[in-house]
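1. coordinates only, sequence not included:
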Ligand code: DQA
């Protein structure tokens, strides 16, 4: 299976940005770990990060026909973007929403997501380890789908 990991705004600053909330690992190191983990499960990972909403929308469109599963940390676009919601609905690719921090224990404006109700899973507050949990869950859901149609 081909997994696309999408990271939204400011996630390029991982490792430097509020490390008490987001951890010390850089995005590059995290994505290297994710690729290795997916390979262990016989899946492959492509990664894209952007600070621009339209670039993430375009990456979702480009995923049509080649990507089986999306893992997305939309960053602050989680709480604002109907465009990301519409793009994910438009391509009809199953996706898991992930947040490094526990958004429910933070400011109230982080407690609403435009994506959670249409996601096939949501992983919140497990730190950067959440990306591996998302890959594992994507693999499990994909295998189940292949078996049961
Ligand atoms: C985040 C949570 C969002 O509220 C925030 O805007 C981010 C990161 C997380 O991974 O915890 O940029 O998605």
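-> Good, I have the coordinates. Remember, predicted model here, so these are calculated numbers, not experimental data.

2. neighbouring contacts of the helix ranked longest in the chain?
-> Across the chain, the longest stretch assigned as helix under DSSP state H is helix 129-148. Defining contact as CB atoms under 8 Å, 6 or more residues apart in numbering, one finds that helix 129-148 is touched by 1, 3, 5, 30, 33-34, 37-38, 41, 43, 45, 68-69, 71, 73, 94, 96, 98-100, 120-121, 123-124, 126. C-beta coordinates here come from the backbone N, C-alpha and C atoms, glycine included.

3. how does it look with 6 Å?
-> 1, 3, 34, 37-38, 41, 43, 68-69, 71, 96, 98, 120-121, 123, 126 (CB atoms under 6 Å, 6 or more residues apart in numbering).

4. What of stretch 48-65?
-> Against stretch 48-65 from outside (CB under 6 Å, 6+ apart): 4, 6, 7, 9, 11, 12, 77, 83, 87, 91, 93.

5. of the residues you listed, closest to residue 26?
-> Taking CB to CB as the measure, residue 26 lies nearest residue 12 of those, at 9.1 Å.

6. What number of residues are in the vicinity of the closest one?
-> Residues near residue 12, counting by other CB atoms under 10 Å, number 17.

7. hang on, the earlier thing: filter the contacts of stretch 48-65 down to just the ones in strands.
-> Here DSSP state E is the test, and the contacts of stretch 48-65 give 4, 6, 7 as lying in strands.

8. quick one: the second one from the ligand, how far?
-> The spacing between residue 6 and the ligand, counted by CB to the nearest ligand atom, to the nearest Å, is 11 Å.

9. for the closest residue in space to residue 124 that isn't next to it in sequence, phi and psi?
-> Spatial nearest neighbour of residue 124, excluding adjacent residues (CB to CB, 6 or more residues apart in numbering): residue 99 at 4.8 Å. The phi/psi pair for residue 99 (degrees, to the nearest 10) reads phi -130, psi 130.
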